[in-house]
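K.L.:
following is a predicted model, sequence given first.
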Amino acid sequence: MSQNLTIIEHPLVQHKLTLMRREETPASSFRQLLWEISMLMTYEITRDLPLQEVTVNTPVCQTKAPLLTGKKLALVSIMRAGNGLLDGILELIPAARVGFVGLYRDEETLEPVEYYCKVPDQLEDRLVIAVDPMLATGNSSVAAISRLKKEGAKEIRLLSLVAAPEGVTCVQKVHPDIRIYTASLDERLNENGYIVPGLGDAGDRMFGTG
């Protein structure tokens, strides 16, 4: 895999991911864990955000200190499962702009079908973080990234909880400029296009559907 793939191996991230993999973990706990792990992964994906030095008055004296600079970043959920990652990221970056690309997977062709798109303006001036818990075949992520580029985005990062080698290869083949962040690069896809060992369908587990 290329240098554009980052596996976040922090012990807390790995611990929470293991809890999420458990079949017996209920939807309420799954959602809570997803919220927690998304906050932890946000630290890594935003590690190199640009800063500017500003002057502030503390209760003791005046000093210079760093603040984020540039356009507020954009978070884009690849729906529906991507919505579960948004809340944790917004907890840390509440000023971020938020967009949505709605895609569902045709169960016969495994190809993505877009049914909704609403994204912030001036994407060309923002760091865009696309979020989707599962990078399986990679088809949905490729379609969403292509749409974001069409909307003007120039710097896009993809945050996925779990990835399959096939999905990473697919994204990197079509969009070699995209940096992918994940908590685990799993073994493979099965014949139904699900990640093995994976954690099942993230959307179903999050919302209690199936």
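P.N.:
Structure received.

K.L.:
going forward, measure contacts and count neighbours with C-alpha atoms only.
P.N.:
Noted.

K.L.:
you'd agree E151 is up against L123?
P.N.:
Yes - using C-alpha atoms under 8 Å, E151 is in contact with L123, at 7.0 Å.

K.L.:
neighbour-wise, which of those two wins?
P.N.:
Ranked by neighbour count (other C-alpha atoms under 10 Å), E151 and L123 place L123 first, with 22 against 16.

K.L.:
how about that one, what does it touch?
P.N.:
By C-alpha atoms under 8 Å, 6 or more residues apart in numbering, the contact set of L123 is 74, 151-154.

K.L.:
could you dump these to TSV with pLDDT, distance to V142 and secondary structure?
P.N.:
Below are those laid out as TSV (pLDDT from 0 to 100; distance: C-alpha to C-alpha, whole Å; DSSP: H, G, I helix; E, B strand; the rest coil):
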residue	pLDDT	distance to V142	secondary structure
A74	96	18	strand
E151	95	14	coil
G152	95	15	coil
A153	96	14	coil
K154	95	15	coil
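
K.L.:
and the strands in this structure?
P.N.:
When secondary structure is read from DSSP state E, the chain shows strands at 5-7, 51-57, 62-68, 74-79, 97-105, 112-118, 127-131, 134-135, 155-163, 179-185, 188-189, 195-196.

K.L.:
output the below-cut-off pLDDT ranges for the chain.
P.N.:
Low-confidence segments of the chain (pLDDT under 70): 1-2, 110, 209-210.

K.L.:
longest helix anywhere in it?
P.N.:
Ranked by residue count and defined by DSSP state H, the top helix of the chain is helix 27-45.

K.L.:
quick one: contacts of that helix?
P.N.:
8, 12-13, 16-17, 19-20, 84-89, 91-92, 157, 159, 181, 183, 205-208.

K.L.:
same question for stretch 140-156.
P.N.:
Applying C-alpha under 8 Å, 6+ apart, the external contacts of stretch 140-156 come out as 78, 101, 103-105, 111-112, 122-130, 132, 135, 170-171, 174-175, 178-179.
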